[in-house]
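Trainee: requesting a structural model of the entry that follows:
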Amino acid sequence: MNDEIMTLKEVAKYLKLAEKTAYRLAAEGKLPGFKAGGSWRFKEEDIDRWIEEKKKTKGN
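Mentor: Residues are numbered from 1 along each chain as shown. Below you'll find the predicted structure:
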């Protein structure tokens, strides 16, 4: 099990997105994340699960 926590910058790079896009998706609840001390954080395993779900639905 991977418990690695990523910052917004790291998750944007991981997904090959602009930071602004990753922030918008997180703020809209479309990207699984949580706020810690006012900053977005993401569990790598949640992001990987989100990717797999998106692959199954073939859409946004």
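
Trainee: only C-alpha atoms for contact and neighbour calcs from this point on.
Mentor: Fine.

Trainee: do I have it right that Phe42 meets Pro32?
Mentor: Yes: if you go by C-alpha atoms under 8 Å, Phe42 and Pro32 touch, sitting 6.8 Å apart.

Trainee: between the two, which has more neighbouring residues?
Mentor: Phe42 (22 against 18; other C-alpha atoms under 10 Å).

Trainee: which residues in this protein form strands?
Mentor: Listed in chain order, the strands of the chain (DSSP state E) span 5-7, 34-36, 39-43.

Trainee: make JSON lines out of the ones you listed and add mean pLDDT.
Mentor: Output for those, formatted as JSON lines (pLDDT from 0 to 100):
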{"stretch": "strand 5-7", "mean pLDDT": "97"}
{"stretch": "strand 34-36", "mean pLDDT": "96"}
{"stretch": "strand 39-43", "mean pLDDT": "97"}
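
Trainee: just say which of those strands is most tucked in.
Mentor: Highest mean neighbour count among the strands of the chain (mean count of other C-alpha atoms under 10 Å): strand 39-43, with a mean of 17.

Trainee: ok, back up a step: right, so of the strands of the chain, which gets closest to Ala18?
Mentor: Shortest distance between Ala18 and those, using C-alpha to C-alpha, is found for strand 5-7: 13.3 Å.

Trainee: contacts for the closest one?
Mentor: 39-44 (C-alpha atoms under 8 Å, 6 or more residues apart in numbering).

Trainee: quick one: strands adjacent to that strand?
Mentor: Paired with strand 5-7 in the same sheet, following DSSP bridges, are strand 39-43 (antiparallel).

Trainee: how about Thr21, nearest residue that isn't a chain neighbour?
Mentor: Ala12 (7.9 Å; C-alpha to C-alpha, 6 or more residues apart in numbering).

Trainee: tell me the contacts of that neighbour?
Mentor: Contacts of Ala12 by C-alpha under 8 Å, 6+ apart are 18-19, 21-22.

Trainee: quick one: low-confidence residue ranges for the protein.
Mentor: Where the chain drops to pLDDT under 70, the residues are 1-2, 59-60.
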